[in-house]
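S.K.: Would you be able to build a 3D model of this:
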Amino acid sequence: MPRPKTVSDEEVLGAALDVMASRGMIFTLSDIARHVGLSRATLIQRFGDRDSILRRIAEQEVEATRLWLEGLPIIEGDDALWQFLEMIVSSMGQGDGFSARVQIAAFESRDAKLRSLAAQRYALVQKAIAARIPNNAERFETSQHLHAIIAGATMQWVVTDGSEGLSDFVLRRLRWAVDNLA
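M.R.: Numbers count the residues shown, from 1 in each chain. Below is the predicted model of the structure:
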């Protein structure tokens, strides 16, 4: 009979994000094991290798994104669209722990499964944006461009001195685009 888990899978995945945030891309299963208080062998038995943990984190994020977006009301219109964009950008916070997100993006660029999961997550966000754009033939195209502005501004923020928080930085650029690119 297997021993009951003293540390949940979610706690292990959260620990992996913590380790990535503090160590960058150079981390090992031993680093995660030490952080969460389990043996490396236990992590291998439960998850396999480091890349499998990254894929589990990405799968968890797709599901969390889907559930979060499905729980939000869908209201069309310019004001409702802006309120929705503000909400999703504000959910990124002021940049605390964002270095882990950048690390994951680097992994996504070199792993087909992670890239596929990122594409699913992006598609969910773009679909949610499109649902709030007043009905027109280009609503999905518009949603992809709005999402691209968010993603691009997010990466621009990474190279700033951080004096302006992430969500404020992104919202300022997004607001300009919404107001001037109609």
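S.K.: All the helices of this protein, residue numbers only.
M.R.: Per DSSP state H, the chain carries helices over the ranges 9-23, 29-36, 40-47, 50-70, 78-90, 98-110, 112-132, 139-158, 166-180.
S.K.: now for the first one, which elements pack on it?
M.R.: Contacts of helix 9-23 with other secondary structure elements, assessed using 3 or more Cβ pairs under 8 Å, 6 or more residues apart in numbering; DSSP states H and E, are made with helix 29-36, helix 40-47, helix 50-70, helix 98-110. Every C-beta, even on glycine, is put in place using the N, C-alpha and C of the backbone.
S.K.: For Ala148, find the nearest of those helices.
M.R.: helix 98-110 (14.3 Å; Cβ to Cβ).
S.K.: Go ahead and name everything in contact with that closest one.
M.R.: 17-18, 20-21, 24-25, 51, 54, 57-58, 92, 114-115, 117-118, 157-158, 166 (Cβ atoms under 8 Å, 6 or more residues apart in numbering).
S.K.: Please report phi then psi for Gly37.
M.R.: For Gly37, the backbone dihedrals (degrees, to the nearest 10) come out as phi 80, psi 30.
S.K.: In contact with it, which residues?
M.R.: Val7.
S.K.: What sits closest to Asp18 if chain neighbours are left out?
M.R.: Of all residues not flanking Asp18 in the chain, His35 sits nearest, at 6.1 Å (Cβ to Cβ, 6 or more residues apart in numbering).
S.K.: Mind checking which of the contacts of helix 98-110 are buried?
M.R.: Among the contacts of helix 98-110, the ones that count as buried by 16 or more other Cβ atoms under 10 Å are 17-18, 20-21, 54, 57-58, 92, 114, 117-118, 157, 166.
S.K.: could you dump the residues you listed to TSV with pLDDT and distance to Ser39?
M.R.: As requested, the buried ones among the contacts of helix 98-110 are exported to TSV (pLDDT from 0 to 100; distance: Cβ to Cβ, whole Å):
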residue	pLDDT	distance to Ser39
Leu17	86	20
Asp18	87	18
Met20	84	20
Ala21	80	22
Leu54	90	20
Ile57	91	20
Ala58	91	24
Met92	89	34
Leu114	94	26
Leu117	96	28
Ala118	95	31
Trp157	95	38
Leu166	96	36
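S.K.: Please identify which of the residues you listed is nearest to Ile133.
M.R.: For the buried ones among the contacts of helix 98-110, the nearest to Ile133 is Met92 (20.9 Å; Cβ to Cβ).
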